[in-house]
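Colleague: Got a predicted structure plus its sequence, pasted below:
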Amino acid sequence: MEVLWGDPDKGAHATFTKFEPGYDAGMHTHTSDVWIAVIKGAYLYKDDGGEKRVGPGDFLRVPGGHKHWSGGDKADGALFYEEGSAKFDLIPSK
């Protein structure tokens with residue numbers, strides 16, 4: 001994770017984030033909204049509504065408190081711009 005502005009440990013922020021190929025973040029939530037724009041590879045996303053493959057140029061908004069799974073494409077991983085309105089957290093859930 002490379003911070004562009006702000007501080008993800010303290011408040012609002014933007015980062016370039018990389019998921020290695022096959023990365024699995026597990027089921028989780030975040031306290032605040034997170035916005036993602038994929039640059040390279042594919043950000044994989046699942047929730048009760050189904051599965052999404054978010055590729056280069058695609059945008060995804062994850063509302064705070066929304067239970068989901070995320071990970072990186074098995075071959076290419078994912079490189080994406082991520083912006084958060086508050087401190088970044090990842091709260092594991094079942």
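Modeller: That came through, no problem.
Colleague: Return the residues in contact with the residue nearest the centre of the chain.
Modeller: Geometric centre of the chain, nearest residue: residue 36, 6.0 Å, by CA atoms, centre = their mean. Residue 36 sits next to 43, 54, 59-62, 80-82 when contact means CB atoms under 8 Å, 6 or more residues apart in numbering. Where you see a C-beta, it was placed from the backbone N, CA and C, and this is true even at glycine.
Colleague: State the distance from residue 17 to residue 5.
Modeller: Residue 17 is 14 Å from residue 5, where distance means CB to CB, to the nearest Å.
Colleague: Out of these two, name the residue with the larger neighbour count.
Modeller: A count of neighbours by other CB atoms under 10 Å puts residue 17 above the other of residue 17 and residue 5, at 18 against 9.
Colleague: what pLDDT does that one get?
Modeller: As predicted, residue 17 sits at a pLDDT of 97.
Colleague: cool, and residue 11?
Modeller: Residue 11 is assigned 97 on the pLDDT scale.
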